[in-house]
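*Asks:* I'll drop the sequence and a predicted model, then ask my questions.
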Amino acid sequence: MLQPINVSLESLNLITLAPMLIAVAGGLIILILDLINGKLHKSLYVMLTILVLVVDFGATLGLNVNERGFFDVMLIDGVSIVSQLLIIVASIIFTPLALTSKRFHEYSYPEFFALFLFMVAGFQFMVASDNLILIFVGLETASLALYTLIALHNRSNSYEAAVKYFTMGALAAGFFAMGSAVIYGLTGSIELYRVADVLAARMNETGLMIAVFGSAVLLLVAFAFKLSLFPFHTWAPDVYEGASAPLAGYMSVVPKVAAFVVSIRIFGMYIDLGVEWVRIVIIVLAVLTMTLANVMALVQEDVKRMLAYSSISHAGFIIAALALDTTEGTTAIFFYYALFMFTNLGAFTMLWISRHKVRRFDARYDHPYEKFAGMISIRPVGAVIMAIFMLSLAGVPPFSVFWGKIYVMQAAVNSGYVWLAVVMGLNSAIAAYYYLKLVVYMFLKEPVKDVDTVQYNSSKPLMAVVGFATLATVAAIFYVQPLVSYIYYMISASGY
């Protein structure tokens with residue numbers, strides 16, 4: 001006769017689930033409110049979403065480091081806490097943009113905010129576990145919500161973008177599932193800390209190494225898709241172009257932070273086990289991604305597509321830090337995205353300011369360079385702010401991304417990869433060309449003639465978001481050291 005299993009609430013440590021449950025509960029509350037009264041103003045949903053995210057932030061900040069919960073599938077370590085904080089902060093910055101204009105109808109749907117909170121919860125599940133099944137569930141929860149948010153933009157290229165993203169996401173999910181299945185077949189476990197122990201004890205077996213090679217290749221392909229690394233990056237420019245500008249900026253940060261966390265856990269495990277070719281492949285992917293994306297960005301005629309290729313290049317820049325497999329390298333990943341987040345969200349939001357339903361400057365693109373010609377004489381403050389974002393992305397001191405690039409290059413040099421730091425520096429120099437190209441258009445070109453005057457959206461929520469992003473970009477020099485110290489402490493406390 002089977003003996004009953006006694007599980008106490010205390011042993012489940014449900015506090016580890018609190019941040020995700022808060023986000024899920026917030027999404028459900030929004031759906032219930034809409035069912036009760038379908039005529040509530042969207043500002044209520046915006047404020048409710050921000051409130052839920054703030055509570056979520058507080059719950060995450062209050063977690064203890066290095067705890068497990070819910071049958072040991074939840075892992076709350078330094079990497080988990082730092083990444084969740086980044087995800088929530090980026091979400092809080094993004095949400096007020098829903099108040100900026102009545103022209104973009106997707107923000108008037110309560111379902112938009114519910115899906116957004118479900119997506120945030122999915123990303124939090126991804127980063128707060130080393131159980132491959134829960135990571136997969138979080139990945140798909142977040143991805144399915146994000147596909148729908150893109151399609152809600154309700155333009156022909158938005159549907160195209162959503163379908164492309166769905167197709168590529170499904171392919172990546174398939175590779176992840178197959179890679180996980182191979183790991184389970186080899187070790188009998190799907191929890192990475194147990195997988196590492198089993199593999200470490202059997203690394204001398206020839207047949208095992210071949211299977212480990214297969215699992216690593218499958219998982220590398222899956223995360224190369226998610227991180228838009230070469231040669232699996234081709235979906236990104238089209239998807240970014242089809243999504244609304246702020247959502248494209250959000251996609252360039254938050255999904256990649258979540259994917260990087262899972263990559264740190266999985267590929268860090270392989271590198272720690274002495275599977276050196278995984279490190280080599282990641283470095284090769286990093287160099288190819290940052291270089292080819294920069295070359296493609298040079299020839300773009302649309303600012304939004306240029307920023308999309310720029311985001312791919314930045315992902316390549318950061319993936320190199322993962323290959324270092326040091327505490328400094330892991331710290332560099334989160335430090336870089338903490339600074340990059342404000343600048344890139346700000347840059348994409350600036351595109352939102354002059355977004356139109358009708359393409360006034362080009363039959364193909366929404367944001368051609370000509371649209372920004374002479375912006376200094378039409379909208380001087382906007383031109384200066386956009387120039388600050390471009391200089392920061394280019395890595396010009398003292399703006400925020402400069403410090404992120406320096407820290408990543410320092411981590412590479414300290415690990416003995418001087419040549420890699422040189423390649424990073426050369427790529428930053430190439431990238432400066434296409435960022436400064438936009439600055440030249442704004443400050444040195446004459447406005448395009450025979451075109452209706454651009455109507456700018458100057459709503460207070462948008463100005464507040466752009467102002468905050470600009471302040472964070474300019475004032476980065478004052479909070480670099482405390483931020484690095486906090487992230488380094490959290491990462492080192494968890495043994496990364």
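*Replies:* Perfect, thanks for sending it.

*Asks:* Do you have the helices of the stretch 1-150 of the chain handy? List them.
*Replies:* Applying DSSP state H, counting those that start in this stretch to the stretch 1-150 of the chain gives helices spanning 9-12, 18-36, 42-61, 78-94, 110-127, 132-151.

*Asks:* can you check the stretch 251-400 of the chain too?
*Replies:* 254-272, 276-298, 303-324, 327-353, 375-378, 380-394, 400-414.

*Asks:* Now do the first one: which elements does it pack against?
*Replies:* Counting by 3 or more CB pairs under 8 Å, 6 or more residues apart in numbering; DSSP states H and E, the packing neighbours recorded for helix 254-272 are helix 78-94, helix 110-127, helix 132-151, helix 192-201, helix 206-226, helix 276-298, helix 303-324, helix 327-353. Where you see a C-beta, it was placed from the backbone N, CA and C, and this is true even at glycine.

*Asks:* Can you check what angle separates that helix from helix 276-298?
*Replies:* Angle of helix 254-272 versus helix 276-298, following axes from the mean of the first three to the mean of the last three CA atoms, to 10 degrees, is 150 degrees.

*Asks:* again, but for the third one
*Replies:* Orientation of helix 303-324 against helix 276-298 (the same axes, to 10 degrees) gives an angle of 160 degrees.

*Asks:* what's the closest of the helices of the stretch 251-400 of the chain to Ala59?
*Replies:* Taking CB to CB as the measure, the helices of the stretch 251-400 of the chain were each checked against Ala59, and helix 254-272 came out nearest at 17.9 Å.

*Asks:* for the closest one, which positions count as buried?
*Replies:* Within helix 254-272, the residues scored as buried using 16 or more other CB atoms under 10 Å are 254-271.

*Asks:* Now stretch 334-341 - C-alpha only, PDB.
*Replies:* What follows is stretch 334-341 as a C-alpha-only set of coordinates in PDB (Å, rounded to 0.1, in the frame of the first residue of the first chain):
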ATOM      1  CA  PHE A 334      23.600  42.400 -16.400                       C
ATOM      2  CA  PHE A 335      25.500  45.700 -15.900                       C
ATOM      3  CA  TYR A 336      25.500  46.300 -19.700                       C
ATOM      4  CA  TYR A 337      21.700  45.600 -20.000                       C
ATOM      5  CA  ALA A 338      21.000  47.800 -17.000                       C
ATOM      6  CA  LEU A 339      22.500  50.700 -18.800                       C
ATOM      7  CA  PHE A 340      21.500  49.700 -22.400                       C
ATOM      8  CA  MET A 341      17.900  49.400 -21.300                       C
END
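
*Asks:* Output the below-cut-off pLDDT ranges for the stretch 301-450 of the chain.
*Replies:* Applying pLDDT under 70 to the predicted model, the residue ranges of the stretch 301-450 of the chain that meet it are 354-366, 449-450.

*Asks:* Tell me who's in contact with the nearest residue to Lys405 once chain neighbours are set aside.
*Replies:* In space, and not counting its chain neighbours, Lys405 is closest to Gly395: 4.7 Å by CB to CB, 6 or more residues apart in numbering. Contact analysis of Gly395 by CB atoms under 8 Å, 6 or more residues apart in numbering lists Val401, Phe402, Lys405, Ser428, Ala431, Ala432.

*Asks:* Columns distance to Ala90 and neighbour count on top of those residues, output as TSV?
*Replies:* Compiled in TSV, those are given as follows (distance: CB to CB, whole Å; neighbours: other CB atoms under 10 Å):
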residue	distance to Ala90	neighbour count
Val401	15	26
Phe402	20	21
Lys405	20	25
Ser428	23	21
Ala431	22	24
Ala432	25	17
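
*Asks:* ok, of those residues, which one's closest to Gly179?
*Replies:* When the contacts of Gly395 are ranked by distance to Gly179 (CB to CB), Lys405 comes first, at 31.2 Å.

*Asks:* so the closest one makes contact with His314?
*Replies:* No - assessed by CB atoms under 8 Å, Lys405 is found out of contact with His314, at 9.3 Å.

*Asks:* shared neighbours, these two?
*Replies:* Tyr336.

*Asks:* neighbours around Gly214, how many?
*Replies:* As a burial measure, the neighbour count of Gly214 was computed by other CB atoms under 10 Å and equals 15.

*Asks:* Look up how far Gly207 lies from it.
*Replies:* For Gly214, the distance to Gly207 (CB to CB, to the nearest Å) stands at 11 Å.

*Asks:* ok so, going back, between the helices and strands packed on helix 254-272, which one is nearest to Gly26?
*Replies:* Comparing the helices and strands packed on helix 254-272 against Gly26 with CB to CB, the closest turns out to be helix 110-127 (4.7 Å).

*Asks:* if we look at stretch 274-292, which residues are touching it?
*Replies:* Contact with stretch 274-292 is made by 203, 212-213, 216, 220, 224, 228-231, 233, 267, 270-271, 312-317, 319-320, 322-323, 325, 417, 420, 423-424, 427, 430, as judged by CB under 8 Å, 6+ apart.

*Asks:* Below-threshold pLDDT in the stretch 1-150 of the chain: ranges please.
*Replies:* Per-residue confidence for the stretch 1-150 of the chain (pLDDT under 70) gives these ranges: 1-12, 100-108.

*Asks:* What sits closest to Pro110 if chain neighbours are left out?
*Replies:* Excluding its sequence neighbours, the residue lying closest to Pro110 (CB to CB, 6+ apart) is Asp34, at 4.0 Å.

*Asks:* looking at this, Phe478 is in a strand?
*Replies:* No - according to DSSP: H, G, I helix; E, B strand; the rest coil, the state of Phe478 is helix, so it is not within a strand.

*Asks:* That one - how many residues pack around it?
*Replies:* 9.

*Asks:* per-residue pLDDT, Leu273?
*Replies:* Confidence per residue is given as pLDDT, and for Leu273 that number is 82.

*Asks:* Look up how far Leu132 lies from it.
*Replies:* 16 Å.

*Asks:* Could you tell me how far the strand or helix carrying Thr473 lies from the centre of the chain?
*Replies:* Counting by DSSP states H and E, the secondary-structure element that holds Thr473 is helix 460-474. Helix 460-474 sits 19 Å away from the centroid of its parent chain (CA atoms, centre = their mean, to the nearest Å).

*Asks:* can you list the residues that contact it?
*Replies:* With contacts defined as CB under 8 Å, 6+ apart, helix 460-474 is touched by 93, 96-97, 99-101, 342-343, 345-346, 349-350, 352-353, 385, 388-389, 392, 399-400.

*Asks:* go again using 7 Å as the cut-off
*Replies:* Residues lying outside helix 460-474 but in contact with it, judged by CB atoms under 7 Å, 6 or more residues apart in numbering, are 93, 96-97, 99-100, 342-343, 345-346, 349-350, 352-353, 385, 388-389, 392, 399-400.

*Asks:* now stretch 13-33
*Replies:* Contacts to stretch 13-33, defined as CB under 7 Å, 6+ apart, come from residues 40, 45, 48-49, 52, 55-56, 59-60, 63, 67-70, 74, 76, 84, 110, 113-114, 117-118, 120-121, 124-125.

*Asks:* And stretch 327-340, by the same measure?
*Replies:* Outside of stretch 327-340, the residues that reach it under the criterion CB under 7 Å, 6+ apart are 82-83, 86, 253, 257, 260, 264, 314, 318, 321-322, 400-401, 403-404, 407-408, 411, 414-415, 476, 483-484, 487-488, 491-492, 496.
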